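In: Have a look; sequence and predicted model below, questions after that.
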Amino acid sequence: MTAIASAMSRALRSITGADVLRHFLFFCGAGILVFVLSLTYGLDLSSGLF
């Protein structure tokens, strides 16, 4: 149990602001992708559309 606690402690100390920003932007991008996909629900996106 002590090994798990020390490993988590080391991992949490190594997180930088850039890592937090990168993960935040990744989740925002995923949210935008889901939003765009929900807008196209029910549309005919076959090759004939283009």
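Out: That came through, no problem.
In: average pLDDT for the host helix or strand of Leu21?
Out: If you go by DSSP states H and E, Leu21 is part of helix 17-39. What helix 17-39 shows for mean pLDDT is 93.
In: export it as CSV, just CAs?
Out: What follows is helix 17-39, C-alpha atoms only, in CSV (Å, rounded to 0.1, in the frame of the first residue of the first chain):
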residue,chain,number,x,y,z
GLY,A,17,0.9,23.4,-16.1
ALA,A,18,1.6,22.5,-19.8
ASP,A,19,0.3,18.9,-19.1
VAL,A,20,-2.9,20.3,-17.6
LEU,A,21,-3.4,22.7,-20.5
ARG,A,22,-2.8,19.9,-23.1
HIS,A,23,-5.4,17.7,-21.4
PHE,A,24,-7.9,20.5,-21.2
LEU,A,25,-7.5,21.3,-24.9
PHE,A,26,-7.8,17.6,-25.7
PHE,A,27,-11.1,17.3,-23.9
CYS,A,28,-12.4,20.6,-25.4
GLY,A,29,-11.5,19.2,-28.9
ALA,A,30,-13.3,15.9,-28.1
GLY,A,31,-16.3,17.9,-27.0
ILE,A,32,-16.3,20.0,-30.1
LEU,A,33,-16.1,16.8,-32.2
VAL,A,34,-19.1,15.3,-30.4
PHE,A,35,-21.0,18.5,-30.9
VAL,A,36,-20.3,18.6,-34.6
LEU,A,37,-21.2,14.9,-35.0
SER,A,38,-24.5,15.6,-33.2
LEU,A,39,-25.3,18.4,-35.6
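In: separation between Tyr41 and Cys28?
Out: Distance of Tyr41 to Cys28, computed by CB to CB, to the nearest Å: 21 Å. Bear in mind the C-beta positions are built from the backbone N, C-alpha and C, glycine included.
In: and those two? which has more neighbours close in?
Out: Cys28 (10 against 6; other CB atoms under 10 Å).
In: what's the more buried one in contact with, if anything?
Out: For Cys28, the contact set (CB atoms under 8 Å, 6 or more residues apart in numbering) is empty.
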